[in-house]
Every structure is written in C-alpha cells, then in structure tokens.
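K.L.:
Test case, fold it:
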Amino acid sequence: MDDIREINAKTIEDFRAAKGGGAFTGRPLLLLTTRGRITGRPHTTPMMYVQDGDDLIVLASNAGSPEPPDWYRNLLAEPKVTVEVGPEVYIATAHPTEGAHRTRLWSSITTRYSFFLDHEQKAGRTIPVVALSRVL
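P.N.:
Numbering: from 1, shown residues only. The predicted model follows:
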C-alpha cells in the first residue's frame, strides 16, 4: 500500500509541475480531489478517464479489490469535487451512473479497455461508473 501511495504522490507532483503536459500530454489521466467523508480533508487521486460529451468518466474499480476505493466513498458523501485535467482545474459534480446510461458507458469503456472486465470479475462486485460534470 505504501508503494502505491508513493507512486501516486510522485504522479501528482509531476502532473502539477507539468500542468498536465510534458510526459502526460495525450494521456487520459486526471487528478480527482475529494473531501474525506470522515476527516473533511482533501484527498487527491490520479486516475484514468474517458470523455463522454462534456463529462469525464472514471471507474471505481480499485484494481479489482472487493471494496470500492476511498475516493468513491468520499464522493458519495460529498459529490462536489475538483478535477485537474491537462492545464485546467475546475469544480465538478460527481455522480454514479445508473441504468441504460451506465450500461452504455460500461460497454464502450470495456470494449476499449478490457482489463476493467477482469477487475470486475476479480472484485465480485459491479464496478461503479462515475460521471464528472463541470460546474465552474
């Protein structure tokens, strides 16, 4: 666990220093900052995204863990989040998708990135598909 925290901290530092450019140019990577549901402190997580119209879509796969990631539980408690993508930083509302919308996104994403199917099978749970909708 410490290794992933160190990797994430370095990725966040490098991403911000390059303002999402440099080695990150063209990569579907964003930084998502949520408020801790218990502490109220900000927590930033680097993650892959897929664009869907004006929304950015992220998946709470937690690399196939049976438990969803902390950032997902945080945004359920407080859906107002900060998104850093490329040089942009903005406030968004995070909302888990449902029904036909989720089905469409899941199908589209797993066709391109089949490892999410492996994550879902390994996790033994439905992987939440979250839309990040820009507010400001």
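K.L.:
okay, now Pro69: neighbour count?
P.N.:
Per other C-beta atoms under 10 Å, the neighbour tally for Pro69 reads 19. To be clear about C-beta, it is placed using only N, CA and C from the backbone, and glycine gets the same treatment.
K.L.:
and what of Ala92?
P.N.:
Ala92 has 22 neighbours, counted by other C-beta under 10 Å.
K.L.:
So which residues of this protein form strands?
P.N.:
29-35, 42-48, 50-52, 55-59, 80-85, 88-96, 129-134 (DSSP state E).
K.L.:
So for Asp70, which of these sits nearest?
P.N.:
Asp70 lies closest to strand 42-48 among the strands of the chain, at 6.9 Å (C-beta to C-beta).
K.L.:
So which bits of that closest one are buried?
P.N.:
By neighbour count on 16 or more other C-beta atoms under 10 Å, the buried set for strand 42-48 is Thr44, Thr45, Pro46, Met47.
K.L.:
Dig out what the nearest residue in space to the last one that is not next to it in sequence forms beta bridges with.
P.N.:
I take that to be Met47. Spatial nearest neighbour of Met47, chain neighbours left out: Val58 (5.4 Å); criterion: C-beta to C-beta, 6 or more residues apart in numbering. Note on Val58: beta-bridge partners Val130, judged by DSSP bridges.
K.L.:
quick one: contacts for Val58?
P.N.:
By C-beta atoms under 8 Å, 6 or more residues apart in numbering, the residues touching Val58 are Leu30, Leu32, Met47, Met48, Tyr49, Val130, Leu132.
K.L.:
try 10 Å this time
P.N.:
28, 30, 32, 45, 47-50, 69, 71-72, 75, 81, 83, 94, 109, 128-132 (C-beta atoms under 10 Å, 6 or more residues apart in numbering).
K.L.:
Write the ChimeraX selection for whichever of the residues you listed are buried.
P.N.:
A single ChimeraX command is used to select the members of those judged buried by 16+ other C-beta under 10 Å:
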select :30,32,45,47,49,50,69,71,72,75,81,83,94,109,128,129,130,131,132
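K.L.:
now for the strands of the chain, which one comes closest to Asn8?
P.N.:
Comparing the strands of the chain by C-beta to C-beta, strand 42-48 comes nearest, at 5.7 Å.
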